[in-house]
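> Below: sequence and its predicted model.
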Amino acid sequence: MKSSIIKEALKYFTSPVTEAFPATKPYFPKKYRGPPVYDQDKCMGCMACAHVCPADAITVTEKDGKRTLEVWYGKCTFCARCEEACPVDAIHLMEEYGIPSEDKFAFKSTVTHDMVKCKLCGKPFITVRHAEWIRKNLIEKMGDIVGPEEIDFFLTVCRECRHKIENIPELRKLLIRVLVKGEKT
Amino acid sequence: MSSRKCFLCSLAKWARKKSVWLYHAPAGGLCNGCDIEIAAAITPRYDVERFGILLAPSPRHADILLIAGQMTKHSRERLLRVYQQVPEPKAVVAIGSCAISGNVFTTDNYPLAGTIDQVIPVDVYVPGCPPKPEAIILGVVKAIEKLEKRTAESI
């Protein structure tokens, strides 16, 4: 502790403390939190980041069968909760500072995804990549209880249609199977 | 208007570009994070005084107005008065997420009176919570460009 203070004090005799700012790269400390940016290759559009965002800086718009996620740095707190919540590490805080602009809507990062349409009502409800991710994880963790055909059925039917009377018996059978399995273990 | 070209006019134009004075106006509700970053920008580490940039003690001496924080109902009138006191030509820089959009506090919070650009024309927005001193310096440089244009128009 003491030696670090002395080292810091000795700096003032060696070189000028002033940074030649526009010429040199600015210094970023460890764990610096800059503006968050999406990775289009990794992101699957599950909206976990939008759910945890305390400032509602991440907005979700669904239009023409496509889902768009958008971070607006003008509202962002740089709290890194989106980075914590992301299951696939698709959003990262950059080691950069926000570049000033004359247009306040200029600073943002967007990502777009194709969506799956519901088999029964035809309404888009989930992104293609998110459905793939859920299928992979379900087969890995619950492959012995749920068959791949059942998974495919429930991943192509939207939540509203799943809650309809004619679909409930099947769902109930599945639920009972999962519960029985859970009690045994 | 622009046909008049005297020595004093060109001198004033040069002087305004080479030495810009700032007035820092906190707009009511803010956490002082942006204020501290503005103070950090004038410390020896970044040393904006080598560019002639100074913090003025009064808005009547200033060229550029720095506004940080979101505007409250109480500060709205004072902010307008400060803006009117800055002599023409002038430029306004909004610093931080709060000044741009209200950040986590949103704009329909009961003590707040909307964002700053609804009341005062803002020229440059600096994002960040708080912005780094480098971003503030870049924002002021952008405002100087605008100020130069306005000076050329007014002479």
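Nice, thanks for sending it over. Numbering: from 1, shown residues only, chains lettered A, B, ... in the order given.
> Can you pull the phi/psi pair for residue 94?
All of this is about chain A. Backbone torsions for residue A:94, taken as degrees, to the nearest 10, come to phi -80, psi 160.
> The chain in question should be chain B.
Dihedral angles (degrees, to the nearest 10) for residue B:94: phi -90, psi 120.
> ok, how many other residues are close to the residue lying closest to it once chain neighbours are set aside?
Counting by C-beta to C-beta, 6 or more residues apart in numbering or on different chains, residue B:122 is the residue found nearest to residue B:94 once chain neighbours are left out, at 4.7 Å. Backbone N, C-alpha and C define where each C-beta goes, glycine included. Counted with other C-beta atoms under 10 Å in any protein chain shown, residues neighbouring residue B:122 total 21.
> Name the SS class of residue B:122, please.
The assignment at residue B:122 comes out as coil when based on DSSP: H, G, I helix; E, B strand; the rest coil.
> Tell me how far it lies from residue B:142.
12 Å (C-beta to C-beta, to the nearest Å).
> How about residue A:66?
In terms of C-beta to C-beta, residue A:66 sits 34 Å off from residue B:142.
> Those two: who's more crowded?
residue B:142 (20 against 14).
> element containing that one, please.
Assigned by DSSP states H and E, residue B:142 falls within helix B:133-154.
> quick one: that helix near chain A?
Yes: interface with chain A: helix B:133-154 contributes B:134, B:135, B:137, B:138, B:139, B:142 (C-beta under 8 Å from any C-beta of the partner chain).
> Next, work out how far apart the fifth one and residue A:58 are.
For residue B:139, the distance to residue A:58 equals 24 Å [C-beta to C-beta].
> which of those two has more neighbours?
residue B:139 (27 against 24).
> The more buried one and residue B:148, how far apart?
For residue B:139 relative to residue B:148 (C-beta to C-beta), the value is 15 Å.
> Test my guess that residue A:44 contacts residue A:89.
No: if you go by C-beta atoms under 8 Å, residue A:44 and residue A:89 don't touch, sitting 11.2 Å apart.
> hmm, who's touching the helix or strand harbouring residue B:79?
According to DSSP H and E, residue B:79 maps onto helix B:73-85. With contact meaning C-beta atoms under 8 Å, 6 or more residues apart in numbering or on different chains, helix B:73-85 is reached by B:23, B:25, B:27-29, B:58-60, B:65, B:67, B:71, B:92, B:111-113, B:116, B:119-120.
> Kindly write the ChimeraX command that selects the buried subset of those.
Those of these that count as buried under 16 or more other C-beta atoms under 10 Å in any protein chain shown are selected in ChimeraX with:
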select /B:23,25,27,28,29,59,65,67,71,92,112,113,116,119,120
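> So which of the contacts of helix B:73-85 are in helices?
With DSSP state H as the criterion, helices contain none of those.
> Looks to me like residue A:89 is in a strand.
No: secondary structure of residue A:89 (three-state DSSP): coil, not part of a strand.
> Around it, how many other residues sit close by?
When neighbours are defined as other C-beta under 10 Å, residue A:89 has 10 of them.
> Quick check, it in contact with residue A:41.
No: when contacts are counted by C-beta under 8 Å, residue A:89 is not listed as touching residue A:41 (11.2 Å).
> list residues touching both of those two?
Counting by C-beta under 8 Å, 6+ apart, nothing touches both residue A:89 and residue A:41.
> Now do stretch A:108-126, average pLDDT.
The average pLDDT within stretch A:108-126 is 87.
> How about stretch B:148-155?
81.
> Check stretch B:58-65 too.
According to the model, stretch B:58-65 has a mean pLDDT of 91.
> Contacts for that stretch, please.
Contacts of stretch B:58-65 (C-beta under 8 Å, 6+ apart): B:16, B:20-23, B:25, B:56, B:82-83, B:85-87, B:89-93, B:140, B:143-144, B:147.
> repeat for stretch A:90-101
By C-beta under 8 Å, 6+ apart, the list of residues contacting stretch A:90-101 reads A:26, A:28, A:32-39, A:42-44, A:49, A:71, A:73, A:78, A:80, A:82-83, A:107, A:111, B:93, B:124-128, B:131-132, B:134-135, B:138-139, B:142.
> Is it possible to mark the buried ones in those?
Of these, these count as buried by 16+ other C-beta under 10 Å: A:33-38, A:43-44, A:49, A:71, A:73, A:78, A:82-83, A:107, A:111, B:93, B:124-128, B:131-132, B:134-135, B:138-139, B:142.
> Take those residues and keep only those in helices.
A:49, A:82, A:83, B:134, B:135, B:138, B:139, B:142.
> just those now: which is nearest residue A:152?
residue A:49 (27.2 Å; C-beta to C-beta).
> you'd agree the closest one is up against residue A:86?
Yes: with contact defined as C-beta under 8 Å, residue A:49 and residue A:86 form a contacting pair (5.9 Å).
> before we move on, back to that, ok, so of the ones in helices among the buried ones among the contacts of stretch A:90-101, who is nearest residue A:170?
residue A:49 (32.7 Å).
> Now do the helix or strand of chain B with the lowest mean pLDDT: distance to the chain's middle.
In chain B, the helix or strand scored least confidently by mean pLDDT, DSSP states H and E is helix B:7-18, which has a mean of 80. On the basis of C-alpha atoms, centre = their mean, to the nearest Å, helix B:7-18 sits 21 Å off its chain's mean C-alpha point.
> Please consider this matter closed, and thank you.
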